[in-house]
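**Q** Below are the sequence and a predicted model; questions follow.
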Amino acid sequence: MDDCLFCKIVAGDIPAEVVHTTERTVAFRDLAPQAPTHVLVVPRDHYANAAELATGDPEAMAELVRTAAAVAVAEGYADDYRLVLNTGAGAGQSVFHTHLHLLAGRALGWPPG
Ligand code: AMP
């Protein structure tokens, strides 16, 4: 999509600190990190949210989780990390290209805010 921020990052048109790539995913550091490790994992193809990705490309949805796990391991947090999928503005989604937040490296309270 022409006006999608994360499509532009996937295409390399907007810079990002990419930490891991796979056939279907790209993982890069969040611009406003909320934890020592805060990485966003996105599918290369555009889907607006997690449910749409799971329906349209289930293997990419699974690859999103596997990529996040690989980054957690690489950053030394194999056993303690959080994955977040905000869906809808009311739940905090601000970029409407599916992205899995990986948060790790600090104590993470529950319930989340
Ligand atoms: P969400 O609020 O769940 O839609 O998450 C969007 C995330 O994208 C936020 O955590 C932002 O800090 C992050 N973000 C926005 N623009 C960029 C960018 N250019 N590079 C990396 N992360 C970004």
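**A** Perfect, thanks for sending it.

**Q** ok, which residues in this protein are in contact with the ligand?
**A** With the criterion set to C-beta under 6 Å from any ligand atom, the chain comes near the ligand through 5, 14, 16, 30-32, 40, 86, 92-95, 99. No exception for glycine: its C-beta is placed from N, CA and C like everyone else's.

**Q** give me phi/psi at V26?
**A** phi -130, psi 130 (degrees, to the nearest 10).

**Q** Check L64 too.
**A** phi -60, psi -50.

**Q** For this structure, give me the ranges with low pLDDT.
**A** Counting by pLDDT under 70, the chain contains no low-confidence range.

**Q** you'd agree I14 is in a strand?
**A** No: looking at I14 with DSSP: H, G, I helix; E, B strand; the rest coil, it is coil, so not inside a strand.

**Q** ok, for it, nearest residue in space, not its chain neighbours?
**A** In this structure, I14 finds its nearest non-sequential neighbour in K8, 4.3 Å apart by C-beta to C-beta, 6 or more residues apart in numbering.

**Q** Break down this structure into its helices, ranges please.
**A** According to DSSP state H, the chain carries its helices in the segments 5-11, 50-56, 58-74.
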